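K.L.:
Give the three-dimensional model of this entry:
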Amino acid sequence: MLRSPRSYLCNFLGTVYKNSSRENLMEVLKQDGLDKLCWIAAREQWQPQETNESFRIYQDALLQSDLTLCPVGVNTECYRIYEACSYGSVPVVEDVMTPGKCGNSSIYHSAPLQLLKTMGAPFIFIKNWEELPAVLEKEKNMSLQEKIQRRKKLIEWYRHFKAQMRHKFINILENSFLPNAKGG
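P.N.:
Take a look at the predicted model:
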């Protein structure tokens, strides 16, 4: 599906928590009628187990959408970002710090998503969902060829990102558990 037109500009399948930016996202989508251009399946209660059917629906949404909306939850970063990458659906990431523990370190205090930014993630970062209508307007004006090139770039970036993370992880393990193995 890299080269085919996709049916939806964007998708969001997830839980909308009370008093969260996810509520703001839903309002922005509805007020501008953008929910008609996007695959939206919001729920009020988090469900701990995916069924085969719900997982298939989620995969279809990623495959059929040019963009995946990634609002913050408890933490800024979530699995949705990486799942979108694997399907060539560009993450639209809410770039704000949450009260959770991810991204809040002594080095990068209140600077979320530093690893992704440092690695040059080809994402769309926004500070507020009020920016979404302009993002989607730009998306509507992109040619299929531009979208195909962007998908290829995203998937290649993600492949490289996973390889880099695997390499760093193995190095940490080797240095922690086999400190003398490198020299001998």
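
K.L.:
low-confidence ranges in this protein?
P.N.:
Scanning the chain with the threshold set as pLDDT under 70 gives 45-47, 99-111, 181-184.

K.L.:
so what does the longest helix along it touch, helix or strand wise?
P.N.:
Secondary structure of the chain per DSSP state H: the longest helix is helix 144-177. With contacts taken as 3 or more C-beta pairs under 8 Å, 6 or more residues apart in numbering; DSSP states H and E, helix 144-177 sits against helix 79-86, strand 90-94. From N, CA and C alone the C-beta is placed, and that goes for glycine too.

K.L.:
quick one: the last one to chain centroid distance?
P.N.:
So that's strand 90-94. Centre-to-centre, strand 90-94 and its host chain are 5 Å apart (C-alpha atoms, centre = their mean, to the nearest Å).

K.L.:
quick one: it to helix 144-177, angle?
P.N.:
Using axes from the mean of the first three to the mean of the last three C-alpha atoms, to 10 degrees, one finds that strand 90-94 and helix 144-177 are set 70 degrees apart in direction.

K.L.:
Check the longest one too.
P.N.:
Helix 79-86 and helix 144-177 meet at an angle of 120 degrees, taking the same axes, to 10 degrees as the criterion.

K.L.:
got the buried residues for helix 79-86?
P.N.:
Residues of helix 79-86 classed as buried by neighbour count (16 or more other C-beta atoms under 10 Å): 80-81, 83-85.

K.L.:
how distant is it from the center of its chain?
P.N.:
With C-alpha atoms, centre = their mean, you get 5 Å for helix 79-86.

K.L.:
got the contact list for that helix?
P.N.:
By C-beta atoms under 8 Å, 6 or more residues apart in numbering, the residues outside helix 79-86 that reach it are 14, 58, 62, 68, 70, 90-91, 93, 116, 123, 154-155, 157-158, 161.

K.L.:
again, 10 Å this time
P.N.:
If you take C-beta atoms under 10 Å, 6 or more residues apart in numbering as the criterion, helix 79-86 is touched by 11-14, 58-59, 61-62, 65, 67-71, 73, 89-93, 113, 116, 121-123, 154-155, 157-159, 161-162.

K.L.:
Which single one of the buried residues of helix 79-86 is nearest to Arg43?
P.N.:
Ranked by distance to Arg43 (C-beta to C-beta), the buried residues of helix 79-86 are led by Arg80 at 14.3 Å.
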